[in-house]
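Engineer: have a look at this prediction, sequence included:
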Amino acid sequence: MALGDFFKKLFGSSPKEVSDKAETFAEETLEKAKVAAAPLVDKVEDFVDTAREKVSEHIPAAKETLENAVETVKEKASEYAEKAEEMAENAVASVKNAFANDASEDAEEIRTKAEDVIKPADENAD
């Protein structure tokens with residue numbers, strides 16, 4: 001029974017008393033928390049205002065920096081596109097010249113062979 005007496009003294013004799021004590025304790029704790037938090041809430045509000053001002057000061061500079069970066073990227077991309085186009089044109093020209101030279105060499109070889117065939121025929125005809 002010592003344990004039962006301990007809990008009676010600790011919580012009171014009825015559940016209603018326990019409930020009332022718990023409610024009172026919770027209300028007091030909540031009120032203390034509100035009082036303790038009030039200065040912190042003010043500091044947070046001040047911080048938010050200061051941060052908002054600083055961010056709004058830097059937004060135009062950030063925007064300008066981003067615009068400059070985008071412009072630089074566009075210029076570089078354009079330069080590289082032009083270089084790539086020039087390289088492609090050079091490659092096409094090289095291929096055309098290679099085929100043209102090969103075709104000219106082939107035509108010259110065929111002409112030479114044809115002349116070699118025709119000369120003996122002309123000589124035999126005489």
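Structural biologist: Sure, I can see it. Numbering: from 1, shown residues only.
Engineer: so where's the protein uncertain?
Structural biologist: 1-20, 22, 99-103, 119-126 (pLDDT under 70).
Engineer: the helices in it, which residues?
Structural biologist: 2-11, 15-125 (DSSP state H).
Engineer: could you export the ones you listed to JSON lines, including columns for mean neighbour count?
Structural biologist: All C-beta spots, glycine's among them, are computed from the backbone N, C-alpha and C. Formatted as JSON lines, the helices of the chain follow (neighbours: other C-beta atoms under 10 Å):
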{"stretch": "helix 2-11", "mean neighbour count": "9"}
{"stretch": "helix 15-125", "mean neighbour count": "10"}
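Engineer: from residue 31, how far out is residue 46?
Structural biologist: 24 Å (C-beta to C-beta, to the nearest Å).
Engineer: residue 106 and residue 75: what is the separation?
Structural biologist: Residue 106 is 46 Å from residue 75, where distance means C-beta to C-beta.
Engineer: next: residue 39.
Structural biologist: 53 Å.
Engineer: likewise for residue 84?
Structural biologist: 15 Å.
Engineer: one more: residue 64?
Structural biologist: Counting by C-beta to C-beta, the gap from residue 64 to residue 75 is 16 Å.
Engineer: can I get stretch 51-58 in CSV, CA atoms only?
Structural biologist: C-alpha atoms of stretch 51-58 as CSV (Å, rounded to 0.1, in the frame of the first residue of the first chain):
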residue,chain,number,x,y,z
ALA,A,51,17.7,40.0,-45.0
ARG,A,52,14.9,41.1,-47.3
GLU,A,53,16.5,44.6,-47.7
LYS,A,54,19.9,43.1,-48.4
VAL,A,55,18.6,40.7,-51.0
SER,A,56,16.6,43.4,-52.7
GLU,A,57,19.8,45.5,-52.9
HIS,A,58,21.7,42.7,-54.6
